[in-house]
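J.: quick one, structure for this:
(2 chains)
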Amino acid sequence: MKRKDLILIGTLLGIAVVLFLAMFFVKQNTVNGEAVILIEGKEYGRYPLSKDTVIEIPGLLGNNVLTIQDGEAFMSSAVCPDKICMEFGKIHYNTEMIVCRPGSIVVIIENGDVSETDAVGL
Amino acid sequence: MKTKRIALFGMLVAVAFIFSYIEHLIPLPLPTGVKLGAANIVILCALYFLGWKEALAVSMVRIVLSGFAFGFSTVPYSLAGGLLSMLAMVLLKRAKGFGITGVSVAGSVCHNIGQTIVAMLLLGSKTVYYFPLLLFSGIIAGILIGLVSGLIVTKLKGHIRV
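T.: Next up, the predicted model:
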């Protein structure tokens, strides 16, 4: 490896560490977490993590099912063949997300208090 | 186009595709979206042995083939990643002082930047929160791919003539 390679890798790792730390603090802000469902980037619904529920998310191929249980959200059923969204597991921290690319569905955890998320500036 | 050149192209595309296939076949226990990107070994070799146009051609053909084989939902992401990655690798290769590992890391990280941009466009800007993880994994994958490609380029030097 050449010297410039190491400088490049070091710089990028530095940026990664800063971003990770920033994400860590954003995650810690989870108070009244809500699972926000986005379809093609547009908000479909918000569901508080404090209430156990089962949500059917309509897609082109059929319904994906998001389950909220014990303060955590997870994709319990998926219509796509690869089921990658189910591999994301259970999420409950602020900004944690589940992505279903074939269905253009994103489930992201947000604070109940929106202004607090904005204050972080990310 | 000389016959030898056509044969070499076919081989490179085949190897790149096989790498993608193996990665698809054996999913590593890593967070979703995190991949080694072994096909980039072939793209790097093409870049160092043939040139950027040839490497870009191999990269694009591989992406379209992967689309047919594994589904088209990932193709916009791979295309953006592949193009941005190629741009970064070509620029860094031309800049003095960078070795194949640096070129590989830049390519890998830019691949993840391209994918994040497409995710933000298609799935909403909030997907940017996934980027720190992809950046970190991109650096690690880039180093590994760069080291392997460096070995291959050194060993094959003098054996590949087009």
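
J.: please tell me how far A:N94 sits from A:S76.
T.: 22 Å (CB to CB, to the nearest Å). Glycine gets a C-beta too; all of them are placed from N, C-alpha and C.

J.: of those two, who's got more company?
T.: Neighbour count, other CB atoms under 10 Å in any protein chain shown: between A:N94 and A:S76, A:N94 has more, with 23 against 14.

J.: may I have the secondary structure class of the more buried one?
T.: Classification of A:N94 by DSSP: H, G, I helix; E, B strand; the rest coil places it in coil.

J.: okay, B:L30 and chain A: tell me how far apart.
T.: Going from B:L30 to chain A by CB to the nearest CB, to the nearest Å gives 10 Å.

J.: surely that residue touches B:I140?
T.: No - with contact defined as CB atoms under 8 Å, B:L30 does not reach B:I140; the gap is 10.3 Å.

J.: and these two? Which one has more around it.
T.: Taking neighbours as other CB under 10 Å, B:L30 and B:I140 compare with B:I140 leading, 16 against 12.

J.: for that one, helix, strand, or coil?
T.: Secondary structure assignment for B:I140 (three-state DSSP): helix.

J.: need the pLDDT of it.
T.: Per-residue confidence (pLDDT) for B:I140: 96.

J.: nearest spatial neighbour of the residue positioned nearest the centre of chain A, skipping sequence neighbours?
T.: Chain A has A:M97 as the residue nearest its centroid, 1.3 Å off, counting by CA atoms, centre = their mean. What sits nearest to A:M97 in space, not counting adjacent residues and going by CB to CB, 6 or more residues apart in numbering or on different chains, is A:I108, at 4.3 Å.

J.: assumed the one you found was part of a strand.
T.: Yes - counting by three-state DSSP, A:I108 is located in a strand.

J.: count the residues that sit near it.
T.: 23.
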